[in-house]
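Engineer: Quick one: sequence plus predicted model below, questions after.
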Amino acid sequence: MINTMQAVADKQAITGQLYRYCRSVDRLDVPLGHSVFHEDATADYGPTSYKGSGRGAIDYICKAHLNLKAHSHQVTNVLIELDGDSAASEAYVMAALRGEREGKPFQLQVWARYCDTWSRRDGNWAIDHRNTVIDFDTMSEVTPVHEHDWTRRDREDPSYAILKGL
């Protein structure tokens, strides 16, 4: 019989890792992103993007995001199936990425799902393999309403002052 309290704690730990992943790529926090993947993890972001090691995916994404002005990733509809120290999850992700081409601002929006396998090693849940399934995307020119210069894509972001443990 599954220990209900342990199952709740395990699902919360995995969900927290999904949130840390989003934080890592939005704040360009490579060490945080690496902590979401086991050292031997693999990742496949689809036929038009990255395929390789999980931690290499973080390096690739953060480097690519340097060419953008802003980005925001959110996960939702998190489903998790537990099997002892192994798990599988599907999480919907929406990403909005702002950049500039030829002096004109654009926004890329992506709707996708992270289909992950997980394992708990030394008491910590991390991804063994990520398969990112992109359902659809769009890109358009945009007209920014304001410049939001208090947000940062590094550890100087205001969130790091209050979330000292991340």
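Structural biologist: Perfect, I can see it now.
Engineer: Okay, strands next: where are they in the protein?
Structural biologist: 37-44, 51-53, 70-83, 86-101, 104-121, 124-141 (DSSP state E).
Engineer: which stretch among these comes nearest residue 22?
Structural biologist: For residue 22, the closest of those is strand 70-83, at 4.1 Å, according to C-beta to C-beta. Glycine gets a C-beta too; all of them are placed from N, C-alpha and C.
Engineer: and the top helix by length along the chain, what other elements does it pack with?
Structural biologist: When the chain is parsed with DSSP state H, its longest helix is helix 4-27. With contacts defined as 3 or more C-beta pairs under 8 Å, 6 or more residues apart in numbering; DSSP states H and E, helix 4-27 has these neighbours: helix 30-36, helix 54-65, strand 70-83, strand 86-101, strand 104-121, strand 124-141, helix 158-162.
Engineer: same thing but 7 Å
Structural biologist: helix 30-36, helix 54-65, strand 70-83, strand 86-101, strand 124-141 (3 or more C-beta pairs under 7 Å, 6 or more residues apart in numbering; DSSP states H and E).
Engineer: would a markdown table of the strands of the chain with mean neighbour count be doable?
Structural biologist: Listed next are these as a markdown table, based on neighbours: other C-beta atoms under 10 Å:
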| stretch | mean neighbour count |
| --- | --- |
| strand 37-44 | 18 |
| strand 51-53 | 15 |
| strand 70-83 | 15 |
| strand 86-101 | 17 |
| strand 104-121 | 17 |
| strand 124-141 | 15 |
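Engineer: Which residues are in contact with residue 93?
Structural biologist: Listed by C-beta atoms under 7 Å, 6 or more residues apart in numbering, the contact set of residue 93 reads 73, 74, 75, 112, 113, 114.
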